[in-house]
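Novice: Predicted model and sequence below, questions to follow.
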Amino acid sequence: MKIVMSLVVYVLAIAACLAAEEVNLVRNPGFEEGAAMWEGLNSTCTIVDGAGRNGSKALRVSRENLEQPRTIVKQHFPLEPGGRYRIGGWVRCEGKLNSYDQDSPKPLIALECWRNGVYCGWVATFEGPTQPQEWTWFETEYLAGEPADYQVMLLSASSVSVGIWFFDDIVVQRLPGEWHVGQIMPPHNCVPPEGGKVRFLSVFGDIEPQHQMITAMLRKGDEEVCRWQEVHVEGLNVELTFPSLELGTYQLDMTLHDRRDPAKLLGSSQLSLNCETPSSNGVGVANDGNMTVGGKQFLPIGAYVQSISVKAVEELQEAGFNCALTYNTIWNSADDRQGGWGMAVLREAMDRCAERGFMVVLNVGMFNPLRDNVQSWSGVEGNDAILALLARELHSHPALLAWYMADEPNREFIPWCQKAYGILKSNDPCHPVLTVYNAVGVVPLFAGLSDIFGFDGYPIQRDSSLGNAVAAGEQMNRYGMPFWWVGQIMSWGSYKDPTANRYPTEEEMLAQNLLAFVNNAKGIMNYSMFNVTEKGEEHLRNLRLGEFRRVNMTCHQLTEFILSNAQVPEYKVDVEVGTLKHRLFGNGRGEYRLLLVSPFVGQTRAKITLPADVTFETSSRFAVRHETDGSLVFSGKDVTCDILSLKDARP
């Protein structure tokens, strides 16, 4: 089998066609009009004369101690759905800043998205110096999703940081459209020799999908192999049917035009594809996005962990988890960090997992120079060499489920992810690569650089609402990529405002997972087992582990339905009050499960109408009841969920 590193090349849409709008959407960006247009100013957030970059005005934000409420200065404005935007500004600090957690006290300029009063995600200027004493430019980019309300915010990086920050000349600008194309299925940028259908993600925000016209040509070297005069565009996906091919490396040239003016070239992209006989050690991602282990379908129900020690894995399995994602690949437990250990010890830990039938997703993100930048391990020097060693030595290990390449990456991660993905696939063509995001607009930037795409919205804070889990899940579903949900089992009090120290309830944890399945998630990876309790609350650990087990067992009981592609009958849901997300799954044997999730604060009431040939059997959470007229009615307050067991009444 020939293994060739694949590279996805992203090409900007031609600037001559769509020039950037140099209009700054931020009003009063330099604070020359004082507090005009800005919200949140008070005694700790003031406009200061002469403090700006050129002796002009600037915003001064100060916080003396943790007891002082954190103030966020913000401004609202609309963004065009699908548009690409630059968010930035000038920032400096005064004196030394302090942070009381693992986050650096870095100033941030952030953009938040809200839809119908519900938080749907954010993006921020994370890259840059942590304590810039001179005026420093911070910026990032954002791809706007569905219509929503947006606000730019000026704040410190952490709610447990104190110090003084200055902000000036804040910018939110529309950029030229950027066409992002990457292969989704089959994964690994591969095409089997027998050919067949290949699906790609195609995201270009400046015109609607129905007006997009895509052409494609496959070539081997300079020789044309086949051509598609027009590629079918369906939402954010395009599909090509490949002929049978000889083994080797091919180039796929794609062009994007405006259907209303076909002569107008909007963008082009070149993808490197490999035609090879698919490798298989029984682990991988099928064309429907399902994981396979031992050649059989597998629904990952896992958790982030610091250790895969014997004790840790026993506890995980007792709590109903069938896999784990290691935050520290090169350490088996926190105590092992000092002594250091190498491949032999890691393999021993993996062997123990295999004996217990437990799967592991290994984190290789610490070799990213933009993150931990680990350059020496197990007698090997250099990030790339260590990455290759891990993939080469463990590619056939029965406990390995996937590689975890990047955690909440931004645009700056793309070059490293291109290289890391190539190294992993050259040494281990079978196991999928997982990347987890905290902003759905970033995902298209990494199309073709990951096989599984995760999202970690962590929606539960003070009130009972799944918030951004709704919008994020729906957008991930639209992308059409294999999708895993990162469930929240931790309290935000560990990371943000200590007053937000509230753990998700059992109902909220289950509702998150069911909502993810409604949005076509093919796995759950919960964050995290190292935040199960706060200090002083260790006595609650067994209580929470019991909650995890009940939630996980419910998910395991749904496995044959979630992973099935069986057709299901039509049904009807009429929502009278609130919001109800739902989806019907079948197992191909005349049995069905209807998942129902009320995701927001407040009352929800809905009437469910089943077809005449489907009978209702049970409600697992008792949120659905029979009315006197024989109809089914869902009723719940705040986050509520239910699972209806249904059966085909036909003989």
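Specialist: That came through fine. Residues are numbered from 1 along each chain as shown.
Novice: Rounded mean pLDDT for stretch 407-418, please.
Specialist: Across stretch 407-418, the average pLDDT comes to 89.
Novice: So what would you say the end-to-end distance of it is?
Specialist: The first and final residues of stretch 407-418 sit 15 Å from each other (Cα to Cα, to the nearest Å).
Novice: Show me the helices in the stretch 201-350 of the chain, by range?
Specialist: 310-318, 336-339, 343-355 (DSSP state H, counting those that start in this stretch).
Novice: Buried residues in the last one, which are they?
Specialist: Buried residues in helix 343-355, defined by neighbour count with 16 or more other Cβ atoms under 10 Å: M343, V345, L346, A349, M350, R352, C353. From N, CA and C alone the C-beta is placed, and that goes for glycine too.
Novice: Could you do the first one as well?
Specialist: Of the residues in helix 310-318, those buried by neighbour count under the rule 16+ other Cβ under 10 Å are A312, V313, E315, L316, Q317.
Novice: Turn those into CSV, columns for pLDDT.
Specialist: Shown next, in CSV, are these (pLDDT from 0 to 100):
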residue, pLDDT
A312, 91
V313, 94
E315, 94
L316, 96
Q317, 97
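Novice: tell me which of the residues you listed is nearest to T579?
Specialist: Distance to T579 across the buried residues of helix 310-318 (Cβ to Cβ) is lowest for L316, with 33.5 Å.
Novice: was I right about A469 contacting D456?
Specialist: No - between A469 and D456 there is no contact under Cβ atoms under 8 Å: 9.9 Å.
Novice: more neighbours, the two?
Specialist: A469 (32 against 20; other Cβ atoms under 10 Å).
Novice: separation between that one and Q461?
Specialist: With distances taken as Cβ to Cβ, to the nearest Å, A469 is found 12 Å from Q461.
Novice: Also F200?
Specialist: 37 Å.
Novice: Which one's more surrounded, these two?
Specialist: Shown here are F200 and Q461; by other Cβ under 10 Å, F200 has more neighbours (24 against 20).
Novice: mind checking the SS state of the more buried one?
Specialist: strand (DSSP: H, G, I helix; E, B strand; the rest coil).
Novice: for the residue nearest to W416 when sequence neighbours are not counted, what are its contacts?
Specialist: When the adjacent residues along the chain are set aside, W416 lies closest to N368, with 5.2 Å between them (Cβ to Cβ, 6 or more residues apart in numbering). Shown in contact with N368 (Cβ atoms under 8 Å, 6 or more residues apart in numbering): N383, A406, F413, W416, A420.
Novice: what kind of secondary structure is the residue nearest to the last one when sequence neighbours are not counted in?
Specialist: In this case it means A420. Sequence neighbours aside, M405 is the residue nearest to A420 in space, at 5.6 Å (criterion: Cβ to Cβ, 6+ apart). Assigned with three-state DSSP, M405 falls in the strand class.
Novice: wait, isn't M405 in contact with D451?
Specialist: No - the criterion here is Cβ under 8 Å, and M405 misses it with D451 at 9.6 Å.
Novice: Could you name every residue contacting both of these two?
Specialist: V433, L434.
Novice: Please name the nearest non-neighbouring residue to H76.
Specialist: Among residues not flanking H76 along the chain, Q151 sits closest, at 4.8 Å (Cβ to Cβ, 6+ apart).
Novice: who does whichever strand or helix holds the one you found touch, helix- and strand-wise?
Specialist: For Q151, the host element (DSSP states H and E) is strand 149-156. Counting by 3 or more Cβ pairs under 8 Å, 6 or more residues apart in numbering; DSSP states H and E, the packing neighbours recorded for strand 149-156 are strand 58-63, strand 73-77, strand 107-115, strand 161-175.
Novice: Including mean pLDDT, distance to L594 and mean neighbour count, could these go into a markdown table?
Specialist: Below are the helices and strands packed on strand 149-156 laid out as a markdown table (pLDDT from 0 to 100; distance: least, Cβ to Cβ, whole Å; neighbours: other Cβ atoms under 10 Å):
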| stretch | mean pLDDT | distance to L594 | mean neighbour count |
| --- | --- | --- | --- |
| strand 58-63 | 88 | 49 | 21 |
| strand 73-77 | 88 | 38 | 16 |
| strand 107-115 | 76 | 25 | 22 |
| strand 161-175 | 87 | 42 | 21 |
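Novice: picking that back up, list only buried entries from the contacts of N368.
Specialist: The neighbour-count criterion (16+ other Cβ under 10 Å) marks N383, A406, F413, W416, A420 among these as buried.
Novice: Mind checking which of those residues are in helices?
Specialist: Those of the buried ones among the contacts of N368 mapping onto helices are N383, W416, A420, per DSSP state H.
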